[in-house]
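*Asks:* take this sequence and fold it.
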Amino acid sequence: MATVFLIFVIFLVLAAIVLYNRLVRDRNQVRAGWSDIDVQLMRRYDLVPQLVEAVKAYAGYEKAILTTVTELRARSAAATQLSDKAAIEDEMQVGLHHLMVLAEDYPDLKASENFLALQEDLTEIEDYLQYSRRFYNGAVRILNTRIESFPHLLIAKFFGFRKAEFFAASGTDVRSAPEIELS
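*Replies:* Predicted coordinates for the structure are as follows:
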């Protein structure tokens, strides 16, 4: 009888270890996904001043859009909550789209090699950012499902695992990719 009980206890301990390790792996996937998003946001963050300067050289009187994009860049850097950062980044995407649309009105700007290179970089960053968001949100979905599912929820509660927050588009305007023409 004692042997059966000992085997049962060993089985429970091993099962708890396996469940705990899955939760740790999933949490680390979420962290890695956020890191990928953060890298792309920093790349976009670093590109914004160059874009603003390139457009400003040709369209200096379009100060409202330039100011908005610059302010959003600063707000994004200061944001600490994921939901705030996601909302600001959605606004940033719209602002950058407006900046690209503005460039359409200036043929010399559209023909500028520097501006075209910046435009290509922005398109690449937006593509990587979209991929990174999908990866992150997939990792969040897996972690949150485990935290809410039996028997993982027992281990998750005991060790203090918390649900992660999705990085989601907040507005209907940002649910589609910006249209950037590479002429």
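
*Asks:* chain center to the lengthiest helix in the chain, what's the gap?
*Replies:* Counting residues, the longest helix found in the chain (DSSP state H) is helix 2-58. Chain-centre distance of helix 2-58: 12 Å, with CA atoms, centre = their mean, to the nearest Å.

*Asks:* repeat that for stretch 47-59.
*Replies:* 24 Å.

*Asks:* mind checking how far the residue nearest the centre of the chain is from I65?
*Replies:* What sits nearest the mean C-alpha location of the chain, by CA atoms, centre = their mean, is I37, with 3.9 Å. Going from I37 to I65 by CB to CB, to the nearest Å gives 25 Å. C-betas here are computed from N, CA, C, even on glycine.

*Asks:* what do you get for A139?
*Replies:* For A139 relative to I65 (CB to CB), the value is 35 Å.

*Asks:* in terms of neighbours, single out the busier of the two.
*Replies:* A139 (22 against 17; other CB atoms under 10 Å).

*Asks:* the more buried one against D26, yeah?
*Replies:* Yes - if you go by CB atoms under 8 Å, A139 and D26 touch, sitting 6.8 Å apart.

*Asks:* any stretches of this structure with poor pLDDT?
*Replies:* Scanning the chain with the threshold set as pLDDT under 70 gives 57-63, 109-111, 169-183.

*Asks:* buried ones in stretch 121-130, by neighbour count?
*Replies:* 121-122, 125-126, 128-129 (16 or more other CB atoms under 10 Å).

*Asks:* just checking, what packs against the host helix or strand of E120?
*Replies:* Applying DSSP states H and E as the criterion places E120 in helix 113-148. Under the contact definition 3 or more CB pairs under 8 Å, 6 or more residues apart in numbering; DSSP states H and E, helix 113-148 sits against helix 2-58, helix 82-103, helix 152-159.

*Asks:* what angle do that helix and helix 152-159 make?
*Replies:* Interaxial angle, helix 113-148 versus helix 152-159 (axes from the mean of the first three to the mean of the last three CA atoms, to 10 degrees): 100 degrees.

*Asks:* run the chain-centre distance for helix 113-148.
*Replies:* Mean-position distance between helix 113-148 and its chain equals 6 Å (CA atoms, centre = their mean).

*Asks:* buried deepest among the helices and strands packed on helix 113-148, which one?
*Replies:* helix 82-103 (a mean of 20; mean count of other CB atoms under 10 Å).

*Asks:* distance between that one and the chain's centre?
*Replies:* Worked out by CA atoms, centre = their mean, helix 82-103 lies 13 Å from the chain centre.
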